[in-house]
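Asker: return atomic coordinates for the entry below.
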Amino acid sequence: MINVFKAWDQSSRLNTYVVRLKSSHKNLSDARDLLNGYWQAEEMGKVNEAIENALSKLKSTSSKLETLSDNILEVAKQIRKEEEEEAAREARKRAQRAVEQGMKPHNI
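Answerer: Sure, this is the predicted structure:
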């Protein structure tokens with residue numbers, strides 16, 4: 001059977017990375033704003049372009065990790081549900097066979 005708690009732990013660790021990436025995004029954005037406030041040089045266009053590229057990658061990566069984290073949990077829960085349903089079906093089959101063989105279901 002799938003270990004939903006392990007999936008939850010993996011999802012939680014991914015969410016920790018998401019928080020770190022979002023913090024890095026904010027810190028870099030703040031640094032860009034500060035830099036633009038104090039440095040008015042021609043090369044700032046390229047610097048801003050590079051920073052925007054990095055910000056975009058941070059945002060994209062954190063979004064993908066969030067989605068992955070959510071998917072890990074949802075898939076684990078779905079697999080667990082299917083496993084439990086299958087186990088219940090098997091228990092019903094065993095009980096039915098026991099009844100058909102003249103045994104009491106609690107003796108299975």
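Asker: tell me the SS of the residue nearest the centre of the chain?
Answerer: With distances taken as CA atoms, centre = their mean, Ser69 lies nearest the centre of the chain, 0.1 Å away. The three-state label given to Ser69 by DSSP: H, G, I helix; E, B strand; the rest coil is helix.
Asker: before we move on, which element is the closest residue to it other than its chain neighbours in?
Answerer: The shortest distance from Ser69 to any residue other than its chain neighbours is 4.0 Å, reached at Leu14 (CB to CB, 6 or more residues apart in numbering). C-betas here are computed from N, CA, C, even on glycine. Taking DSSP states H and E as the criterion, the element that holds Leu14 is helix 4-38.
Asker: check which helices and strands that helix sits against.
Answerer: helix 44-100 (3 or more CB pairs under 8 Å, 6 or more residues apart in numbering; DSSP states H and E).
Asker: how much space separates Leu35 from Glu42?
Answerer: Relative to Glu42, Leu35 is positioned 14 Å away (CB to CB, to the nearest Å).
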